[in-house]
Structures are given as structure tokens and as C-alpha cells.
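In: Task: produce atomic coordinates for the following.
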Amino acid sequence: MSRVRTAALSGVDGVPVEVEVRISSQLPRVEIVGLPEAAVRESAARVRAALAAAGEKFPDRRVTIHLAPAELRKSGAALDLPIAVALLAAEGQLEAAVIEGVALAGELALDGRVRPVRGALALALAVRDAGCHTLIAPDASAAEAALAQGLEVRAASDLASALEHLRGGEPLPVAVEAPPAPAPSDAPDLADVRGQELAKRGLEVAAAGGHGALLVGAPGAGKTMLARRMPGFLPPLSWDEALDVTRIHGAVAPLGAAIVSQRPFRAPHHTASAAGLVGGGRPPRPGEVSLAHRGVLFLDELPEFERRALESLRQVLEDRRVVLVRAGGHVSFPADFQLVAAMNPCPCGWLGSGLRDCRCDDGQVARYRARISGPLLDRIDLHLRVQPLAWAELDAPPASQTGSRAVRERVVAARERQAVRGVASNARLPDHSLDAQVDATPEARALLGRAVDGFGLSARAARRVLRVARTIADLADEERTGPEAIAEALAYRQDAGPAASAR
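Out: Next up, the predicted model:
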């Protein structure tokens with residue numbers, strides 16, 4: 001028998017796995033047990049061809065391969081390399097001492113090359129926490145795996161070089177990934193957008209406090225342009241945040257770069273299903289909300305999304321995490337993102353634009369807005385009007401406008417004030433400490449009370465108004481939240497369009 005350490009993906013997390021191989025003197029046959037998926041069951045054919053390409057012999061006796069723990073379903077082809085090494089160790093062609101404390105992961109090609117794998121960072125973290133001191137990984141995935149500090153990662157280009165290293169021959173190169181400097185965002189600059197000062201201000205408030213925003217306006221008014229510029233004035237990713245984002249994206253597909261250094265911007269098409277948004281499948285994989293973790297999720301043409309898909313966002317916006325429960329178990333995906341959505345005010349798009357007459361009757365407008373439920377709208381903090389500009393404003397020479405860099409400086413300063421109070425962002429202020437953190441003046445609380453009664457705001461909406469007002473006060477560097485901040489926060493709830501259903 002032999003045992004080789006490795007890991008398998010469960011959602012976006014790695015789980016330690018032991019590959020146990022037993023060779024017995026019976027008729028030639030290969031059995032793989034331990035809940036293997038189809039790609040794992042097919043590994044025997046790949047391993048046989050790769051061993052032949054490396055000049056090694058596949059055992060011609062009964063081979064039983066057990067992937068422990070048995071109750072964990074294993075998927076993907078990252079188990080090929082550890083299975084090949086375990087087979088040779090069971091045959092006595094490798095000393096047991098050379099694989100002690102060494103983990104392996106990699107997919108084998110038929111010619112013996114080691115192909116990259118999904119979730120290299122998650123696998124490296126799992127084997128490190130399980131007590132391994134070295135990981136042999138594909139050379140294309142080694143830089144990502146090396147982000148797991150405290151673990152030596154060796155880069156293997158093919159099976160033959162990995163075996164030579166284990167036998168004491170030429171050592172494999174050590175992969176080293178130093179923490180990179182924060183990369184500047186490649187998002188378009190906010191200064192490119194003419195006018196729309198109110199919408200720009202609203203997005204600045206959203207970025208400063210981590211709030212969700214809904215842009216409502218006629219076709220071509222600039223909603224998508226504004227949304228795509230939001231990552232440019234968000235704070236740069238910290239090292240821990242970058243590791244978190246890299247772990248998630250690496251679990252979906254092998255990464256071309258070692259680390260994701262910029263905040264994600266995800267813009268799924270409105271035909272996306274509920275599983276595509278929040279995650280699912282067999283095995284479960286993260287959806288768009290998790291791929292937007294620490295970044296922006298942009299939902300353009302919001303009413304065109306499937307109703308079930310939109311309603312699946314309600315709990316995610318509250319919990320900032322997706323928990324998928326299936327018959328075979330449950331997985332959890334992080335989903336701490338900023339929601340930015342855009343929509344037209346009516347089916348034809350011209351209601352209230354002032355440029356064209358709206359062709360929709362009241363029933364059409366009501367049905368269009370009813371596609372988005374009140375509870376979902378209630379969870380979006382800022383509702384912003386984007387009015388179309390006249391040609392004279394569009395054709396005028398560009399005036400000196402504030403760009404993304406200046407807005408980012410103000411946003412970073414506001415986030416630092418929130419960090420001093422011990423919160424990551426105002427949008428995540430817990431209810432039990434909301435009053436103490438917001439610290440509203442008596443005049444501000446009186447104004448909010450009149451608005452709640454007059455506009456019929458829900459208790460959730462009132463709490464969200466307080467959080468937005470605290471962000472406005474942070475941008476103004478004010479110790480207490482005054483009535484001016486409350487008034488501006490209330491203005492973002494009283495949009496003339498679909499937000500009326502949330503009042």
C-alpha cells in the first residue's frame with residue numbers, strides 16, 4: 001500500500017484528501033472508490049498513458065485506489081498526479097520517506113505533461129493546514145499556489161521531472177510569489193461622462209459606504225457608462241482581499257495571472273438564470289454574485305432578468321453569503337459585493353425624459369415596474385435618476401470635471417474614517433450598534449421620523465437611510481450625522497421612478 005497527500009475542491013474551499021493505493025495479486029483491474037466524479041473515474045486512462053510516456057510501467061495486477069475521506073465527492077482532474085505517484089510508491093519504485101509531508105496536485109496529459117488545475121490557491125491552503133510542508137503543482141498553477149504562505153511550492157512541467165525530483169535527482173524549481181503593489185484600476189475614467197453630476201454624487205456615496213445603487217433613466221442617458229466607471233473610484237484591494245478574490249476566481253477556472261489585483265466588475269446578461277447568479281450545478285460552483293465578491297455586480301436592464309433570479313438576490317444582499325443546500329450536503333460561497341443596477345422608467349424608456357413622448361399607458365408602466373419586487377427595491381440604498389442631456393450639453397467643449405482619481409481619494413478617506421470606528425463599510429453596520437455608530441443629532445432623527453411617517457418607509461428602509469446618511473457625513477468629515485445628511489439620504493430613496501413601490 002501507499003498513501004499520497006493531496007486536496008480536492010468543495011465549492012471554493014480546498015479539502016485535504018489522501019490517495020490510498022493497494023496492489024494485489026489478482027486479475028488486472030483498476031477500481032477507484034471514494035465518491036469519484038466522472039473526470040476522476042477516467043483518471044486511470046490518463047495516468048496509464050502518462051506513466052508510459054515517462055518510461056514507467058503501469059501495474060498489471062489488481063489496483064484499488066481509495067480517495068479518503070470517502071463521504072466527500074471528488075471532482076476535477078487534479079488527482080491525476082497524486083494517483084500516478086501513489087501507484088509507483090505502492091509498486092516500490094518510490095521510497096515512502098520521499099513523499100512524507102509532500103502533497104501533489106495536477107492533471108496529466110497523455111504525453112506526461114502536467115496541466116493547470118482549478119483552485120490551486122485553495123488546494124495549497126488545504127494541504128498546508130493539513131500539515132504538509134511541500135506541494136508539487138503544475139508550473140502554470142504554481143505561482144497561484146505559492147500565495148499560500150508557509151508552504152514550499154515546486155513547479156512541475158511534466159510527470160518525468162516530478163518523479164526525478166522525488167527520487168533525488170534534479171530538483172524542481174521553487175515557485176515564489178511576493179505580494180504585489182496595488183495595481184491601478186483599468187476602469188474608464190469618470191471624467192469622460194458629461195454632466196450627470198447628481199448621479200455621480202450618488203455613486204460616490206455608494207462607493208464610500210459600500211451601498212447598492214439603482215440607476216433609472218432613458219435609453220442612452222449614460223447609465224451603463226456611469227456604472228462601468230465605479231471600480232475606478234473604489235479603494236484598491238488589500239492583500240487579504242486580493243487573496244480572497246483569487247481563491248474564488250481560481251476555483252472557477254485556472255488563472256492566467258498569479259493573483260487578482262483589481263476589484264472584479266461582473267455584468268451578466270439579463271438571460272442569466274438563478275443558478276448562474278447565485279451559484280449551483282453539480283458539483284456546485286460559484287455564481288456571478290460570488291465572482292463579484294469585493295467588487296461590483298452590475299445588472300443592466302434589471303426588469304428583464306428572470307423574476308426567480310432577482311428574488312434569489314434578496315437574502316444574499318442581507319447575508320453577503322450564498323449557502324446552497326443539496327441532498328448531498330451544502331456549500332457556502334462568499335458574496336460581499338456592491339450591487340449597481342440600471343433600468344428604464346417604462347417599457348419604451350422615455351417616461352419623464354423630456355425629449356420624447358412616452359407611448360406606454362399606465363397599465364404597461366405598472367406591469368413593467370412590478371417585475372421588480374418591493375422587498376428587492378427596499379434593499380437597494382440609493383435610487384438615482386439619470387436624465388438625458390441635450391445636444392448642446394453633449395457637444396460643448398469638455399469642462400474641467402472631477403475624475404475617478406479625485407473621487408477615489410475622497411472615498412478612501414471616508415472608508416478610513418469608518419475603519420477607525422471598527423466597521424469595514426457603513427452598509428454593513430449591524431442593527432444593534434446602528435444608533436451609536438450613526439450618532440444622529442436630535443434634529444436629524446426628527447427629520448427621519450417625519451419622513452418615515454410621511455412616505456411610509458419600512459423599518460429596513462429607515463435603517464438604510466441612516467447608514468447612507470452616516471456615509472454622507474463621513475465624506476464631509478463630520479463627527480455627527482446632521483439633518484443635511486439625512487435629507488440627502490432621503491432624496492436618494494424618493495426617486496420618481498420604480499422606487500415609489502418601495503415607499
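
In: name the helices or strands packed onto the worst-scoring helix or strand of the chain on mean pLDDT?
Out: Every helix and strand of the chain was ranked by mean pLDDT, DSSP states H and E. The lowest is helix 391-395, at a mean of 76. Where contact means 3 or more C-beta pairs under 8 Å, 6 or more residues apart in numbering; DSSP states H and E, helix 391-395 is not packed against any helix or strand. Glycine gets a C-beta too; all of them are placed from N, C-alpha and C.

In: just checking, L198 touches H383?
Out: No: using C-beta atoms under 8 Å, L198 is not in contact with H383, being 11.6 Å away.

In: Between these two, which has more neighbouring residues?
Out: H383 (24 against 14; other C-beta atoms under 10 Å).

In: For the helix or strand that that one is a member of, buried residues please.
Out: Here H383, judged by DSSP states H and E, is contained in strand 382-386. Buried positions in strand 382-386, judged by neighbour count with 16 or more other C-beta atoms under 10 Å: 382-386.

In: can you list these in TSV and add distance to L166 and pLDDT?
Out: Shown next, in TSV, are the buried residues of strand 382-386 (distance: C-beta to C-beta, whole Å; pLDDT from 0 to 100):
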residue	distance to L166	pLDDT
L382	58	96
H383	61	95
L384	60	94
R385	65	92
V386	61	92
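
In: Redo the residues you listed as JSON lines? Include distance to G92.
Out: Below are these laid out as JSON lines (distance: C-beta to C-beta, whole Å):
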{"residue": "L382", "distance to G92": "68"}
{"residue": "H383", "distance to G92": "71"}
{"residue": "L384", "distance to G92": "70"}
{"residue": "R385", "distance to G92": "75"}
{"residue": "V386", "distance to G92": "72"}
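
In: what's the closest of these to V153?
Out: Taking C-beta to C-beta as the measure, V153 lies nearest L382 of the buried residues of strand 382-386, at 43.9 Å.

In: Could you pull up the contacting residues of G209?
Out: Listed by C-beta atoms under 8 Å, 6 or more residues apart in numbering, the contact partners of G209 are 381, 414, 418, 425-427, 467-468, 470-471, 474.

In: Out of those, which sit inside helices?
Out: Judged by DSSP state H, these include 414, 418, 467-468, 470-471, 474 as members of helices.

In: low-confidence ranges in the stretch 251-400 of the chain?
Out: Counting by pLDDT under 70, the stretch 251-400 of the chain contains low-confidence residues at 256-257, 328, 397-400.

In: Who wins on neighbours among the ones in helices among the contacts of G209?
Out: Using other C-beta under 10 Å as the neighbour criterion, T471 leads the ones in helices among the contacts of G209 with 33 neighbours.

In: ok, that residue to L198 distance?
Out: Going from T471 to L198 by C-beta to C-beta, to the nearest Å gives 16 Å.

In: And for E241?
Out: With distances taken as C-beta to C-beta, E241 is found 30 Å from L198.

In: can you check F333 too?
Out: Distance, F333 to L198, using C-beta to C-beta: 35 Å.

In: Repeat that for P283.
Out: 46 Å.

In: all helices of the stretch 151-300 of the chain, in order?
Out: 159-166, 197-209, 223-228, 239-252, 274-278, 288-291 (DSSP state H, counting those that start in this stretch).

In: Give me the residues contacting the fourth one.
Out: For helix 239-252, the surrounding residues in contact (C-beta under 8 Å, 6+ apart) are 9, 11-12, 118-122, 125, 144, 147, 179, 237, 255, 258-261, 263-264, 285-286, 290-291, 293-295, 333-334.

In: My understanding was that G279 contacts S290; is that so?
Out: Yes: using C-beta under 8 Å, G279 is in contact with S290, at 6.0 Å.

In: Comparing those two, which shows the higher neighbour count?
Out: Comparing G279 with S290 by other C-beta under 10 Å, the one with more neighbours is S290, at 30 against 26.

In: In contact with that one, which residues?
Out: Taking C-beta under 8 Å, 6+ apart, we find S290 in contact with 12, 248, 278-279, 322, 333-335.

In: mind redoing it with 7 Å?
Out: Counting by C-beta atoms under 7 Å, 6 or more residues apart in numbering, S290 makes contact with 248, 279, 322, 333-335.

In: Just name the closest of these to G55, please.
Out: G55 has its nearest neighbour among the contacts of S290 in I248, at 39.2 Å by C-beta to C-beta.

In: Just give the number of residues close to that closest one.
Out: Neighbours of I248 under the rule other C-beta under 10 Å: 26.

In: Give me the distance between the nearest residue to it once chain neighbours are set aside and G329.
Out: Spatially, and ignoring its direct neighbours in sequence, I248 is nearest to V12 (5.0 Å; C-beta to C-beta, 6 or more residues apart in numbering). V12 is 15 Å from G329, where distance means C-beta to C-beta.

In: and the two? which has more neighbours close in?
Out: Taking other C-beta under 10 Å, V12 and G329 do not tie; V12 has more neighbours (26 against 13).

In: Report the contact partners of the more buried one.
Out: Neighbour list for V12: 122, 247-248, 251, 286, 333 [criterion: C-beta under 7 Å, 6+ apart].

In: Could you identify the buried members of those?
Out: 122, 247-248, 251, 286, 333.

In: Using CSV, lay out the residues you listed together with distance to E95.
Out: Shown next, in CSV, are the buried ones among the contacts of V12 (distance: C-beta to C-beta, whole Å):
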residue, distance to E95
A122, 29
R247, 34
I248, 38
A251, 34
P286, 40
F333, 41
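
In: Closest one to G232 out of those residues, please.
Out: I248 (21.6 Å).

In: Who are the packing partners of the biggest strand by length in the chain?
Out: For the chain, the longest strand by residue count, based on DSSP state E, is strand 13-24. Applying 3 or more C-beta pairs under 7 Å, 6 or more residues apart in numbering; DSSP states H and E, one finds that strand 13-24 makes contact with strand 2-10, strand 62-68, helix 80-90, helix 120-129.

In: Using a markdown table, please lay out the ones you listed together with distance to H432 and mean pLDDT.
Out: Formatted as a markdown table, these follow (distance: least, C-beta to C-beta, whole Å; pLDDT from 0 to 100):
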| stretch | distance to H432 | mean pLDDT |
| --- | --- | --- |
| strand 2-10 | 33 | 95 |
| strand 62-68 | 43 | 95 |
| helix 80-90 | 48 | 96 |
| helix 120-129 | 33 | 96 |
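
In: picking up where we left off before, looking at the contacts of V12, which is nearest A90?
Out: Ranked by distance to A90 (C-beta to C-beta), the contacts of V12 are led by A122 at 27.7 Å.

In: That closest one and V15 touch, don't they?
Out: No: A122 is beyond contact range of V15, at 9.0 Å (criterion: C-beta atoms under 7 Å).

In: so who does L310 touch?
Out: 372, 376 are the contacts of L310 under C-beta under 7 Å, 6+ apart.

In: Just want the phi and psi numbers for it.
Out: Backbone torsions of L310, given as degrees, to the nearest 10, read phi -70, psi -40.

In: ok, now A476?
Out: Main-chain dihedrals, A476, degrees, to the nearest 10: phi -90, psi 0.

In: same deal with the one 3 residues further on?
Out: Main-chain dihedrals, E479, degrees, to the nearest 10: phi -70, psi -40.

In: one step back: please produce a ChimeraX select command covering the buried subset of the contacts of helix 239-252.
Out: To isolate the buried ones among those in ChimeraX, judged by 16+ other C-beta under 10 Å, type:
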select :9,11,12,118,119,120,121,122,125,144,147,237,255,258,259,260,261,263,264,285,286,290,291,293,294,295,333,334
